[in-house]
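In: Task: produce atomic coordinates for the following.
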Amino acid sequence: MTQRIAILGAGVMGETLLSAILTAGHAPDALVISEKREERASELRDKYGVEVTGNAEAVDGADVILLVVKPQDVPALLDEISATVPSTAIVVSLAAGIRTEQIETVLPDGVAVVRAMPNTPALVGEGMFGISAGSSCSADQVEAVAGLLDAGGEVVVVDESAQDAVTAVSGSGPAYVFYLAEAMIAGGVARGLDEETARTLATQTILGSAKLLAESDDTATELRRRVTSPNGTTHAAITTFDERGVKDGLLAGIAAAAARSAELSGPE
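Out: The predicted structure follows:
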């Protein structure tokens, strides 16, 4: 039986998921996305051939409901849809810092809730999603959500207590990589490269290194060691990084991101 999938929120991530799910083979008439602005709604209908409607109408009869709105907008959205959410639906929240318990208390008893932390590489089909089951969510339902989200990248299932770490590593992680790319490009320019060439060098190096790490059985530490010949150029760079506390700074930054994620989630 064809599932009805409702996507609430037609921003960048909402449209990204819509496009990915359609590309994965779901029929346009199985999807509905919510959008209040008529101009934007018309754009989505024309581009994807899907139904575009209001929030309450979108969830009526839906099997899977994706909440793709800003965290501060979640309470009002839940109030709007709670009376219409089918008892058999799976509600998936992609709002950072919103715990499954916070959603479950508003929705009808027994509705399955999954919390998901995405990241922006989903825009190019290479996202990372960390998902966690709520108290009423079965293993089969978690598997169904993982199967749906993997249209936008990779999916890992973690206990909800680990979501702050997921947020710090992969949710915020693309910014760390772009930060590194900024430094690599600036360093190349400072050594006489034009910016376009420096960007190409940095981008392909990061892309290739990530692919090598993904496909290798070796650890990141071992792969780094293989590039770092004693007293060579890479050794000079890594030694300088260590002297400047680059690794310690990254570890502290990830810890700060995790702590901030916990703050945004509010008290247990």
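In: pretty sure residue 264 contacts residue 99?
Out: No. Using CB atoms under 8 Å, residue 264 is not in contact with residue 99; the gap is 10.2 Å. C-beta: built from backbone N, CA, C; applies to glycine.
In: Which of the two has more residues huddled nearby?
Out: residue 99 (18 against 14; other CB atoms under 10 Å).
In: ok, and the closest non-adjacent residue to that one?
Out: Distances taken as CB to CB, 6 or more residues apart in numbering put residue 265 closest to residue 99, at 5.5 Å, once the chain neighbours are dropped.
In: Do I have it right that that neighbour meets residue 93?
Out: No. Taking CB under 8 Å as the definition, residue 265 is not a contact partner of residue 93, at 11.8 Å.
In: Of the two, which one has the most company?
Out: residue 93 (28 against 20).
In: Residue 20 touches residue 124, doesn't it?
Out: No. Assessed by CB under 8 Å, residue 20 is found out of contact with residue 124, at 10.0 Å.
In: Pick out whichever of the two has more residues nearby.
Out: Each of residue 20 and residue 124 has its neighbours counted (other CB under 10 Å); residue 20 has more, 21 against 11.
In: what sits against that one?
Out: 122, 125, 151-152 (CB atoms under 8 Å, 6 or more residues apart in numbering).
In: buried residues in the strand or helix carrying it?
Out: Using DSSP states H and E, residue 20 maps to helix 12-23. For helix 12-23, burial by neighbour count (16 or more other CB atoms under 10 Å) applies to 13-22.
In: which one of those is nearest residue 196?
Out: residue 16 (27.3 Å; CB to CB).
In: was I right about the closest one contacting residue 121?
Out: No. Counting by CB under 8 Å, residue 16 sits too far from residue 121 to count as a contact (9.9 Å).
In: so what's in contact with those two at the same time?
Out: What both residue 16 and residue 121 touch, as defined by CB under 8 Å, 6+ apart, is the set residue 127.
In: For stretch 6-19, what is the distance to the chain centroid?
Out: Taking CA atoms, centre = their mean, to the nearest Å, one finds stretch 6-19 lying 12 Å from the centre of the chain it belongs to.
In: I'd like to know how many residues surround residue 40.
Out: 15.
In: what residues are up against it?
Out: residue 10.
In: And for residue 51?
Out: Here residue 51 is in contact with 29, 31-33, 45, 58 (CB under 8 Å, 6+ apart).
In: Now for residue 195: which residues touch it?
Out: Taking CB under 8 Å, 6+ apart, one finds 185, 189 in contact with residue 195.
In: Equivalent analysis for residue 199, please.
Out: Taking CB under 8 Å, 6+ apart, one finds 181, 185 in contact with residue 199.
In: start at 40 instead
Out: Noted, 40 is the first residue going forward, which turns the last one into residue 238.
In: Starting from residue 277, give me the distance back to the most far-flung residue of the chain relative to its centre.
Out: For the chain, the residue at maximal distance from the C-alpha centroid (CA atoms, centre = their mean) is residue 270, at 39.8 Å. Distance, residue 270 to residue 277, by CB to CB, to the nearest Å: 12 Å.
In: before we move on, what about residue 53?
Out: Residue 53 sits 41 Å away from residue 277, going by CB to CB.
In: again, but for residue 97
Out: Counting by CB to CB, the gap from residue 97 to residue 277 is 51 Å.
In: Looking at those two, which is more packed in?
Out: Neighbour totals were compared for residue 97 and residue 277, and residue 97 leads with 25 against 17 (other CB under 10 Å).
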